[in-house]
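>>> Pasting the sequence and the predicted model now:
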Amino acid sequence: MNTQSVTNLPWNDGQWTNEPVSVEVVDGDLLVTAAEGSDAWRTTSYGFVHDTEHALLRDLEQDSAVEVEFLVDFSEQFDQAGIFLRSDETTWIKAGIELSDGQEQLGAVVTRGESDWSLAPVPDWGGRRVTVRASRAGNAVIVRARVDEEPWRLVRVAPLATDARVQAGPFCCAPSRSGLTVRFLAWRMTPADASLHP
């Protein structure tokens, strides 16, 4: 990636899908407190539709990528944060870290009418700095993540129409409790990944 083309976005550059309980900028970081019961999900397995996530979004053009960096400090079932891409109410992707069954999990939910969910345990990522990256190239979104400065891991490749209007940015949810505050460290725009494989 050409670091000359990285643009650090100000926290006031997007709009919330749903207003959080509180938002505060401290030492350049964005502290977001999620509402109890906030979540994003459509139908599959659980039978409900939730569209109460707190996602701070701005346009994501074709052949570009967005990165969100945050600290993982979760303690309750389904605490989550990462990156959110939205085309419309039934077409969206969320990817990042979620505390599920007592363990930090790296995963993604891809929704095209109905949601799916994939997870992989990353118990050593708790308490650390995680970056999630979503890259639009051709008819796909490529999602990668890393902890600290470790190598990027491929999380997901998902279909996305080349002409879709997409917005993207940081998100968090607290489906099972009140009081979750997530510290976001950075929000960046970059060129899209040149290829799926290194």
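That came in fine, so what should we check first? Numbers count the residues shown, from 1 in each chain.
>>> per-residue pLDDT, the spatially most central residue of the chain?
Nearest to the mean C-alpha position of the chain, counting by CA atoms, centre = their mean, stands Ile83 at 1.4 Å. In this prediction, Ile83 carries a pLDDT score of 98.
>>> Now do the contacts for it.
Contacts of Ile83 were listed using CB atoms under 8 Å, 6 or more residues apart in numbering, and they are 66-68, 94-96, 132-134, 143, 168-171. Where C-beta positions appear, they are placed from N, C-alpha and C, glycine not excepted.
>>> Out of those, which is nearest to Gly126?
For these, the closest approach to Gly126 (CB to CB) belongs to Gly96, at 13.4 Å.
>>> lowest confidence element among the helices and strands of this protein?
strand 49-51 (a mean of 93; mean pLDDT, DSSP states H and E).
>>> Now name the helix or strand holding the residue nearest to the centre of the chain.
Using DSSP states H and E, Ile83 sits within strand 80-88.
>>> and whichever helix or strand comes after that strand, what does it pack onto?
Following strand 80-88 in sequence order, the next helix or strand is strand 91-100 (DSSP H and E). Counting contacts by 3 or more CB pairs under 8 Å, 6 or more residues apart in numbering; DSSP states H and E, strand 91-100 is packed against strand 80-88, strand 103-112, strand 129-137, strand 140-147, strand 153-159.
>>> would you list those in CSV and tack on distance to Leu30?
Output for these, formatted as CSV (distance: least, CB to CB, whole Å):
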stretch, distance to Leu30
strand 80-88, 11
strand 103-112, 21
strand 129-137, 14
strand 140-147, 19
strand 153-159, 22
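>>> what number of residues lie near Gly113?
9 (other CB atoms under 10 Å).
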